[in-house]
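Asker: pasted the sequence and its predicted model underneath.
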Amino acid sequence: MNKFFLNLGKQPLANNYLKSFKQNQIRYNLRLFFNTRNKMVSISKRIPSEKMFTNNYPYRSSMSKTMRNSFYKLSLELKKKFIFKKILEIGSNDGALITNFKKNEVIGVEPCKNLAQITSKKGYLTYNKYWNYELAKKLKKKHGEIDLIYSANTLTHISNLNDVFKSINYLLSDKGVLIIEDPSLLECIKKNSYDQFYNEHIYLFSALAVKNLLSNHKLEIFDIKNLSTHGGSLRYYIKKKKNKNLKNKISVKKQINKEKKFGIHKYKTYKIFSQNVKKSKDSLLKMLRNIKKNGNKVIGYGATAKAVTVVNYCNINKNLISNFIDTTPEKINKYIPGKNIKILKYKNNILKKYDYAFLGAWNFKKEILNKEKKIFKKGLKFLTHIPKPKIIYY
Ligand code: TMP
């Protein structure tokens, strides 16, 4: 049974960066639910994929050093640990992972045309398609069974998870390994990062919910790693149940016990989270109003999808955060979805004009604070809402 626990209000499509601000853009109700039976947390509204994953999709995995490093490290691990003829990546984005491999070793699947083209042009075989059973059939016919399937921050974006895993199971060889990674629900609740929720994140996975889901498909998690990416993610190593060659590691039990200890399986946990989110909103608004009252200016650092949830939920307008900056070409000179706040191109000296920088990309806090050390030293203050609204002084 799906039980409601939080309303994040009317939200625009998170990655819909518009050239000019329109008051009447598409908005939907962002409401969160907990399934008491299978322990899955999801949003209620399903936006058609075609509306979200357009031919001009603005999110690029390669835009941060942190993500590039994470994918590079993973590529080394995969080469060392697993035997495979080919790796299939579902949601290959701009190739942050696959470009670490030889061209004949990888196959990308990416529904956004502008991203698929980036890797195709570099000579990497990329199917500009949605992941589904039809595509799995086509791939099996052409390439045979696959020994290693990888997917990061993609499966939580697909509404029909049963179709997702049925298709994977069909294509994966019996001795094959599926690796998925996505933001961790436990970390999200602990950090009060309600901004992990937006229209594209239909689900937020816990190990417990993934375990339940996989058991319907004769798949099981045999290892889990905690990652620091995207504010705390889990990397799940999955195999077919009938494959007894790979041993189940203690990490799986440990993670599930940790989640249960925290109460990830209890509705009450989400009611408390909901109260904390409301407190976070009040406190952030209070801080921003104070800053304004004192005649200081705030810029948003990183026009992330997460920041879209924050500014729309808290109703932060340009009187409180005058602009955002970002390095992504697809976002520059456009407006934060739902708000009349313009995104400016990141330049070295742009921060000089501001007193505070609100960390829209709080998940890259370390990278950003390091990059901006000079101006941070000179007096720029950072502002974050994670885990609680606070000012970060040098
Ligand atoms: P994400 O939090 O959804 O991964 O998005 C990160 C966004 O932040 C992306 O649009 C790139 C942007 N960004 C910068 O503009 N400068 C930076 O130094 C970093 C790390 C990210």
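Answerer: Thanks, I have the structure now.
Asker: can you give me the strands in the stretch 201-350 of the chain?
Answerer: Per DSSP state E, counting those that start in this stretch, the stretch 201-350 of the chain carries strands over the ranges 203-204, 219-227, 233-240, 298-301, 323-326, 342-345.
Asker: can you name every helix or strand that the last one contacts?
Answerer: Using 3 or more C-beta pairs under 8 Å, 6 or more residues apart in numbering; DSSP states H and E as the contact definition, the elements that strand 342-345 packs against are strand 323-326. C-beta coordinates here come from the backbone N, C-alpha and C atoms, glycine included.
Asker: using PDB, write out the CA atom coordinates for the strand it packs on.
Answerer: The C-alpha trace of strand 323-326 is given here as PDB (Å, rounded to 0.1, in the frame of the first residue of the first chain):
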ATOM      1  CA  ASN A 323      21.200  34.500 -10.400                       C
ATOM      2  CA  PHE A 324      22.700  31.000 -10.800                       C
ATOM      3  CA  ILE A 325      26.000  30.100 -12.400                       C
ATOM      4  CA  ASP A 326      26.800  26.800 -14.200                       C
END
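Asker: what helices or strands is that strand leaning on?
Answerer: Contacts defined by 3+ C-beta pairs under 8 Å, 6+ apart place strand 323-326 against strand 298-301, strand 342-345.
Asker: one more time with 6 Å
Answerer: Contacting strand 323-326 under the criterion 3 or more C-beta pairs under 6 Å, 6 or more residues apart in numbering; DSSP states H and E are the following elements: strand 342-345.
Asker: ok, residues contacting the strand it packs on?
Answerer: Ala303, Asn323, Phe324, Ile325, Asp326, Lys331, Ile332, Lys334, Tyr335 (C-beta atoms under 6 Å, 6 or more residues apart in numbering).
Asker: cool, stretch 105-119 as well?
Answerer: Counting by C-beta under 6 Å, 6+ apart, residues outside stretch 105-119 touching it are 53, 55-57, 86-90, 92-95, 98, 124-128, 130-131.
Asker: narrow those residues to just the buried residues.
Answerer: 53, 57, 86-90, 92-95, 98, 124-128, 130-131 (16 or more other C-beta atoms under 10 Å).
Asker: buried sites along the helix or strand of the chain with the lowest mean pLDDT?
Answerer: Sorted by mean pLDDT, DSSP states H and E, the helices and strands of the chain end with helix 49-52, the least confident at a mean of 92. Neighbour-count burial for helix 49-52 flags Met52 (criterion: 16+ other C-beta under 10 Å).
Asker: only alpha carbons, please: show that helix as PDB.
Answerer: What follows is helix 49-52, C-alpha atoms only, in PDB (Å, rounded to 0.1, in the frame of the first residue of the first chain):
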ATOM      1  CA  SER A  49       9.600  10.000 -20.700                       C
ATOM      2  CA  GLU A  50       9.500  11.900 -24.100                       C
ATOM      3  CA  LYS A  51       8.800  15.100 -22.200                       C
ATOM      4  CA  MET A  52      11.800  14.600 -19.900                       C
END
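Asker: does the ligand sit close to that helix?
Answerer: No. Using C-beta under 6 Å from any ligand atom, we find that helix 49-52 stays clear of the ligand, coming within 14.0 Å at best.
Asker: now the angle from the helix or strand following that helix to strand 233-240?
Answerer: Toward the C-terminus, helix 49-52 is succeeded by helix 65-81 as the next helix or strand (DSSP states H and E). Helix 65-81 runs at 30 degrees relative to strand 233-240, counting by axes from the mean of the first three to the mean of the last three C-alpha atoms, to 10 degrees.
Asker: how distant is helix 65-81 from the center of its chain?
Answerer: Centroid separation for helix 65-81 versus its chain: 18 Å, with C-alpha atoms, centre = their mean, to the nearest Å.
Asker: that helix packs against which elements?
Answerer: Counting by 3+ C-beta pairs under 6 Å, 6+ apart, helix 65-81 packs on no helix or strand.
Asker: any idea how far the residue nearest to the spatial centre of the chain lies from the ligand?
Answerer: Central residue of the chain (C-alpha atoms, centre = their mean): Asn153, 5.2 Å from the mean position. As defined by C-beta to the nearest ligand atom, to the nearest Å, Asn153 lies at a distance of 9 Å from the ligand.
Asker: can you name the residue of the stretch 101-250 of the chain nearest the ligand?
Answerer: His230 (6.4 Å; C-beta to the nearest ligand atom).
Asker: and that residue, how many neighbours?
Answerer: 22 (other C-beta atoms under 10 Å).
Asker: ok, what's across the strand from the closest residue to it other than its chain neighbours?
Answerer: Ranked by C-beta to C-beta, 6 or more residues apart in numbering and with sequence neighbours excluded, the top spatial neighbour of His230 is Pro183, at 4.8 Å. Counting by DSSP bridges, Pro183 is bridged to Ser233.
Asker: now do the contacts for Pro183.
Answerer: Gln196, His230, Ser233.
Asker: which element follows the helix or strand that Asn114 is a member of toward the C-terminus?
Answerer: Secondary structure from DSSP H and E places Asn114 in helix 113-121. Under the assignment DSSP H and E, the closest C-terminal helix or strand after helix 113-121 is strand 126-127.
Asker: pLDDT on that following strand, on average?
Answerer: Mean pLDDT, computed over strand 126-127, is 98.
Asker: elements contacting that strand?
Answerer: helix 113-121.
Asker: repeat that for 7 Å
Answerer: Applying 3 or more C-beta pairs under 7 Å, 6 or more residues apart in numbering; DSSP states H and E, we find strand 126-127 packed against strand 106-109, helix 113-121.
Asker: okay, buried residues for the longest one please.
Answerer: This means helix 113-121. Result for helix 113-121 [16+ other C-beta under 10 Å]: buried residues Asn114, Leu115, Ala116, Ile118, Thr119, Ser120.
Asker: understood, closing this out.
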